[in-house]
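# what's the 3D shape of this:
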Amino acid sequence: MQTTDHILMVRPVRFAFNEETASNNAFQQKSDTEEAAHATALRAVVEFDGFVSLLRENGVTVEVLQDTPEPFTPDSIFPNNCFSTHLEGNRRTLVLYPMYAPNRRLERVKLRQLLDKMSFDRIVDLTPLEKESTFLEGTGSLILDRERHLAYACLSPRTHPSAVEAWAREMGYRCCLFHSEDENGMAVYHTNVVMHVGSRMAVVCLDSIKDEEERRHLCSQLEESGKHVIAISYEQMHHFAGNMLEVRNDMNEALLVMSTTALGSLTPEQKEQINQYVHIIAADIPAIETAGGGSARCMMAELY
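Numbering: from 1, shown residues only. All right, here's what the predicted structure looks like:
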C-alpha cells in the first residue's frame with residue numbers, strides 16, 4: 001500500500017538551526033541573534049501543534065512523541081530520516097538509517113522508546129554504515145513507490161549509492177538514482193525536497209536534474225508507473241513544493257499534505273491538476289522551514 005493513515009511526529013523542545021547539517025543544506029537559515037533564535041524555538045512549538053491539529057481534524061491518526069531537552073537534538077522534529085516502517089502482507093519491517101550529522105544519530109535513542117512498543121517481524125539496521133562515512137537518511141533520501149517496489153534517490157553527501165544498494169537488497173526494491181543540483185551547482189541534500197511520489201501523481205523539479213539521460217530515465221520510470229508528472233521550478237522547489245506526502249484519512253480519502261509556503265508557490269493550473277487526485281491540506285510552518293531547512297513531509301514519519 002502506497003499510503004498510510006498513521007503518522008509519527010516529534011514535538012520539539014529545543015528546535016534550532018543545526019550547525020552540523022548546514023554545510024550541505026542550503027535551505028537552512030540561521031537567526032541573526034540569540035533572541036531571534038529563542039523566538040524561533042518557541043514559534044516552532046506553536047507551528048507543530050497547529051500542524052498536528054490540522055492532520056487530526058482531517059481524520060489522520062497522529063502519534064506525538066515529546067522531545068526531551070537532553071541530549072540536544074535540534075532536528076528531532078524531522079523523524080522520517082532516522083527510520084522507516086514497511087508492511088508486506090502481514091510482515092512488518094523497521095529500517096534504521098545511517099545519519100550524516102552526529103547529533104542527528106542521537107535522535108534514534110529517543111525514538112526507541114516508541115519503536116520498542118511496536119511489534120516488528122524484522123529489523124534492518126543500516127547504522128553501522130556510519131563508521132564508513134556512508135549515509136542514507138530514510139525517506140528524506142528515498143522516495144518510495146511502495147506498490148511497485150521502486151525507490152527514487154538523488155545522490156548527495158547524505159545519500160550514498162552503496163547505501164542505497166544495500167537498502168534495496170534488503171527490501172527487494174529497484175532503484176532510480178540521479179543527481180540533483182540547485183542553481184549554484186550544489187547537490188540538493190535530500191530527494192524529498194526535489195520530488196514527491198503518490199498513488200497516482202508525482203511532483204518533481206526536473207530543472208535540477210542536469211544530466212539529460214538521468215532526467216529521461218526518471219520521467220520514464222514515473223510514467224511507466226502510471227504517475228501523472230507535474231514539473232515544478234527552482235523557485236517552487238525552494239518554497240518546498242516538492243516536499244509533500246500523500247496520506248489517507250479515516251474515510252480512506254487521499255490527502256496531500258504540504259506547507260502553506262509550498263501551496264502558495266503553486267500555480268492555479270498545478271493546483272487544479274493535483275486536486276484531480278487528492279485533497280490538499282496545508283500547514284503553516286514558516287519558522288520550522290526557515291531554521292530547519294525542511295518542511296511538512298520531513299516532519300511526518302509513516303507508520304505501517
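
# Can you mark which positions in stretch 175-193 are buried?
For stretch 175-193, a neighbour-count test (16 or more other C-beta atoms under 10 Å) marks 175-178, 180-182, 187-193 as buried. For glycine as for every other residue, the C-beta is placed from the backbone atoms N, C-alpha and C.

# Could you do stretch 63-71 as well?
Quick answer for stretch 63-71 (16+ other C-beta under 10 Å): 65, 67.

# if we can go back for a sec, among the buried residues of stretch 175-193, which two are most distant?
Largest separation among these by C-beta to C-beta: 175 and 182, giving 22.7 Å.

# returning to what we had before: please tabulate the buried residues of stretch 175-193 in a markdown table, including the columns distance to residue 142.
Shown next, in a markdown table, are the buried residues of stretch 175-193 (distance: C-beta to C-beta, whole Å):
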| residue | distance to residue 142 |
| --- | --- |
| 175 | 9 |
| 176 | 11 |
| 177 | 11 |
| 178 | 13 |
| 180 | 14 |
| 181 | 19 |
| 182 | 20 |
| 187 | 16 |
| 188 | 14 |
| 189 | 14 |
| 190 | 10 |
| 191 | 7 |
| 192 | 8 |
| 193 | 13 |
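
# Cross those against helices and list the overlap.
Mapping the buried residues of stretch 175-193 onto helices (DSSP state H) picks out 191-193.

# that older thread, of the buried residues of stretch 175-193, closest to residue 121?
Taking C-beta to C-beta as the measure, residue 175 is the one of those closest to residue 121, at 23.5 Å.

# Would you check how far apart the closest one and residue 99 are?
Distance, residue 175 to residue 99, using C-beta to C-beta, to the nearest Å: 20 Å.

# what's the answer for residue 210, then?
For residue 210, the distance to residue 99 equals 27 Å [C-beta to C-beta].

# Residue 189 too?
Distance from residue 189 to residue 99, by C-beta to C-beta: 12 Å.

# again with residue 62
To residue 99, residue 62 is 24 Å away according to C-beta to C-beta.

# And the lowest-mean-pLDDT helix or strand in the chain, what's buried?
In the chain, no helix or strand scores lower on mean pLDDT, DSSP states H and E than helix 107-115, which sits at a mean of 87. Buried residues in helix 107-115, counted by 16+ other C-beta under 10 Å: 107-108, 110-111, 114-115.

# repeat for stretch 199-211
Under 16+ other C-beta under 10 Å, the buried positions of stretch 199-211 are 199, 201-205, 207-209.

# now do stretch 118-128
Buried residues in stretch 118-128 (16+ other C-beta under 10 Å): 124, 126.

# which residues sit against that stretch?
For stretch 118-128, the external contacting residues (C-beta atoms under 8 Å, 6 or more residues apart in numbering) are 85, 91-99, 105, 108, 136, 163, 166-167, 170-171, 303.

# Off-centre distance for it?
Its chain's average C-alpha position is 19 Å from that of stretch 118-128, according to C-alpha atoms, centre = their mean, to the nearest Å.

# Alright, I will stop here.
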